[in-house]
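1. All I have is the shape, not the residue letters:
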């Protein structure tokens, strides 16, 4: 059981999910208190769950509790990408100097990671105590280190190697801010420490702040002493776990289901709220109507028709392709030429005209200016079809991208790529490609088992369909 603070677009669904898992919700917003009929619990949070970048949840907190909360969310919504660091944020490690270049030390960290430390006067082979200032969460990210060592408490973080005093932006009461800063200043006066007052300090007494600063001072002394006695790169203090959950369209549907057990919720609630702006306002308006008796299915159908009509009127539609490594790529945009309505979904044909040379991914065929792609997007399907043509209409081949069911807004089509694909050149047998990449992401626990099994199943299905043609 953990004390969890929940913020962001999915707060209602996540509050329900985490309460059902036995966790305690603390520092809940007024709306959450009203929806769940709970009193405000001002206890400090062990874990915070909040919005990250678009389509992402961030889970951050004390390592054991935060990992438990992270896993509880993933186990419930299943169809997600997950990214966790090998070294936690603010963890303190003994690192070995592997090389020195222009006053910059190249450091070997635990778990085979490397980083750089500027203004470093150490020699090759030395062990140096550093802290992880930026945790490498996604596969392409690198750790950033600092010699300022931070130890985290419930209300404050004590920082060795700094004398700065800072306070969370979420402590907005000016009188409380003054009281907290004055208390922290007095507690570290002359000791050479910096202090960051965390958002939970809003609910702390001066005695709480002083007590915790004293406890953290003893802790940081023990950590530094232990670190200096080590002979190999090692983790001395775990810091804060920070993990990211990438929300696919299917995961958002599950969040919609959970939310609808608490308040009236339209289909695609979490998908549309992610886009913000007018669509977010429309969702709020519709859900007020649902609470007053509007027909859920009719309103949802009307909203979908509105979105598709806007898409069709756009001269160019954005196509966002989210990869398992966390990068969101934008494909060459296109024009929606045809829209077919199916039960609970739409099929769109989009023409994308290429203006530069290159190579058609997966097919290995030269791409020339004027070549085009007739892209078929089905909002209920686990794949997207690309039929490539020369400017004169000659068919170059078919590339079927295996991905989560696409999400649509008034100007954007977005999906999460599942790495594996199926290709077919004219007159040749189809081929499943990039299965090794899917396996890699599965082995690294970035793609969950549900997504992994679904991707394999979908690729096999498409392969068999293309083989019959």
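-> Right, received. Where do you want to start? Keep in mind the model is a prediction, meaning the values are calculated, not measured.

2. going forward, measure contacts and count neighbours with C-alpha atoms only.
-> OK.

3. Would you mark the buried spots in the helix or strand harbouring residue 450?
-> With elements taken from DSSP states H and E, the one containing residue 450 is helix 449-468. Judged by neighbour count using 16 or more other C-alpha atoms under 10 Å, the buried positions of helix 449-468 are 451-452, 454-456, 458-459, 462-463, 466.

4. So the chain: which segments form each domain?
-> Using automatic domain parsing, the domain ranges for the chain come out as 3-86+243-249, 92-239, 310-468.

5. can you give me how far the last one is from the chain middle?
-> If you compare the mean C-alpha spot of domain 310-468 with that of the full chain, they lie 22 Å apart, counting by C-alpha atoms, centre = their mean, to the nearest Å.

6. Need the mean per-residue confidence for that domain.
-> Predicted confidence along domain 310-468 averages 96 (mean pLDDT).

7. so where do the helices sit in the stretch 301-450 of the chain?
-> With DSSP state H, counting those that start in this stretch applied, the stretch 301-450 of the chain shows helices at 435-443, 449-468, listed in chain order.

8. From the contact counts, what lies against the first one?
-> It refers to helix 435-443. Where contact means 3 or more C-alpha pairs under 8 Å, 6 or more residues apart in numbering; DSSP states H and E, helix 435-443 is packed against strand 412-424, helix 449-468.

9. Give the other helices and strands that the last one contacts.
-> When you say that, I think you mean helix 449-468. In terms of contacts (3+ C-alpha pairs under 8 Å, 6+ apart), helix 449-468 is packed against strand 395-403, strand 412-424, strand 431-433, helix 435-443.

10. same for the third one, what does it pack against?
-> Packed against strand 431-433, as judged by 3+ C-alpha pairs under 8 Å, 6+ apart, are the following elements: strand 412-424, helix 449-468.

11. Please render the buried residues of helix 449-468 as CSV that adds distance to residue 15 to the earlier fields.
-> Formatted as CSV, the buried residues of helix 449-468 follow (distance: C-alpha to C-alpha, whole Å):
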residue, distance to residue 15
451, 24
452, 28
454, 28
455, 30
456, 33
458, 33
459, 36
462, 39
463, 41
466, 45
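
12. What distance do you get for the nearest residue to residue 414 once chain neighbours are set aside to residue 119?
-> Of all residues not flanking residue 414 in the chain, residue 320 sits nearest, at 4.6 Å (C-alpha to C-alpha, 6 or more residues apart in numbering). Taking C-alpha to C-alpha, to the nearest Å as the criterion, residue 320 is separated from residue 119 by 40 Å.

13. Show me the residue sitting in the middle of this structure in space.
-> residue 56 (3.2 Å; C-alpha atoms, centre = their mean).

14. Next up, the contacts around that one.
-> The contact partners of residue 56, taken as C-alpha atoms under 8 Å, 6 or more residues apart in numbering, are 244-247.

15. quick one, phi psi at it?
-> Summarising the backbone geometry of residue 56 under the convention degrees, to the nearest 10, its torsions are phi -130, psi 150.

16. Specify the local secondary structure of the residue nearest to it when sequence neighbours are not counted.
-> Here the nearest residue to residue 56 in space, its sequence neighbours aside, is residue 246; by C-alpha to C-alpha, 6+ apart that works out to 4.6 Å. Under the three-state scheme (DSSP: H, G, I helix; E, B strand; the rest coil), the conformation of residue 246 reads as strand.

17. what about residue 246, how many neighbours?
-> If you count neighbours by other C-alpha atoms under 10 Å, residue 246 ends up with 25.

18. just the strands in the stretch 51-200 of the chain please.
-> Counting by DSSP state E, counting those that start in this stretch, residue ranges of the strands within the stretch 51-200 of the chain are 56-61, 80-83, 92-101, 104-108, 114-117, 127-134, 144-146, 149-152, 156-160, 165-167, 193-197.

19. Save the ones you listed as CSV, and put in mean pLDDT too.
-> Written out in CSV, the entries for the strands of the stretch 51-200 of the chain read as follows (pLDDT from 0 to 100):
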stretch, mean pLDDT
strand 56-61, 98
strand 80-83, 98
strand 92-101, 96
strand 104-108, 97
strand 114-117, 96
strand 127-134, 96
strand 144-146, 97
strand 149-152, 97
strand 156-160, 98
strand 165-167, 97
strand 193-197, 97
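
20. I'd like to know which of those strands is closest to residue 278.
-> Proximity to residue 278, assessed across the strands of the stretch 51-200 of the chain by C-alpha to C-alpha, is greatest for strand 56-61 (20.4 Å).

21. In its sheet, which strands sit next to the closest one, and in what direction?
-> In the sheet containing strand 56-61, its partner strands are strand 47-51 (antiparallel), strand 241-247 (antiparallel), by DSSP bridges.

22. any idea which of those is most buried?
-> Per residue and on average, the most neighbours among those fall to strand 241-247, with a mean of 25 (mean count of other C-alpha atoms under 10 Å).

23. any chance of the helices and strands packed on helix 435-443 in TSV, with distance to residue 442 too?
-> Output for those, formatted as TSV (distance: least, C-alpha to C-alpha, whole Å):
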stretch	distance to residue 442
strand 412-424	10
helix 449-468	7
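
24. With distance to residue 4 as added columns, please give the strands of the stretch 51-200 of the chain in TSV.
-> Formatted as TSV, the entries for the strands of the stretch 51-200 of the chain read as follows, by distance: least, C-alpha to C-alpha, whole Å:
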stretch	distance to residue 4
strand 56-61	9
strand 80-83	19
strand 92-101	24
strand 104-108	34
strand 114-117	32
strand 127-134	23
strand 144-146	28
strand 149-152	16
strand 156-160	17
strand 165-167	20
strand 193-197	18
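
25. so which of these comes closest to residue 265?
-> Across the strands of the stretch 51-200 of the chain, residue 265 has its closest neighbour in strand 56-61 (19.9 Å, C-alpha to C-alpha).

26. how far is the closest one from where the chain is centred?
-> Averaging C-alpha coordinates over strand 56-61 and over its chain gives two centres that are 8 Å apart (C-alpha atoms, centre = their mean).

27. any idea of the mean pLDDT in the helix of greatest length in the chain?
-> Among the elements of the chain assigned as helix by DSSP state H, the one spanning the most residues is helix 206-228. In this model, helix 206-228 has an average pLDDT of 95.

28. Pairing partners for the helix or strand following it, with directions?
-> Downstream of helix 206-228, the next assigned helix or strand under DSSP H and E is strand 234-237. Strand 234-237 has its sheet partners listed here by DSSP bridges as strand 92-101 (antiparallel).

29. Report the angle between the partner strand and strand 127-134.
-> Here strand 92-101 runs at 100 degrees with respect to strand 127-134, directions being taken by axes from the mean of the first three to the mean of the last three C-alpha atoms, to 10 degrees.

30. So what does the residue lying farthest from the centre of the chain look like in phi/psi?
-> Relative to the mean C-alpha coordinate of the chain, counting by C-alpha atoms, centre = their mean, the farthest residue is residue 392 (42.5 Å). When quoted as degrees, to the nearest 10, the phi and psi of residue 392 stand at phi -90, psi 0.
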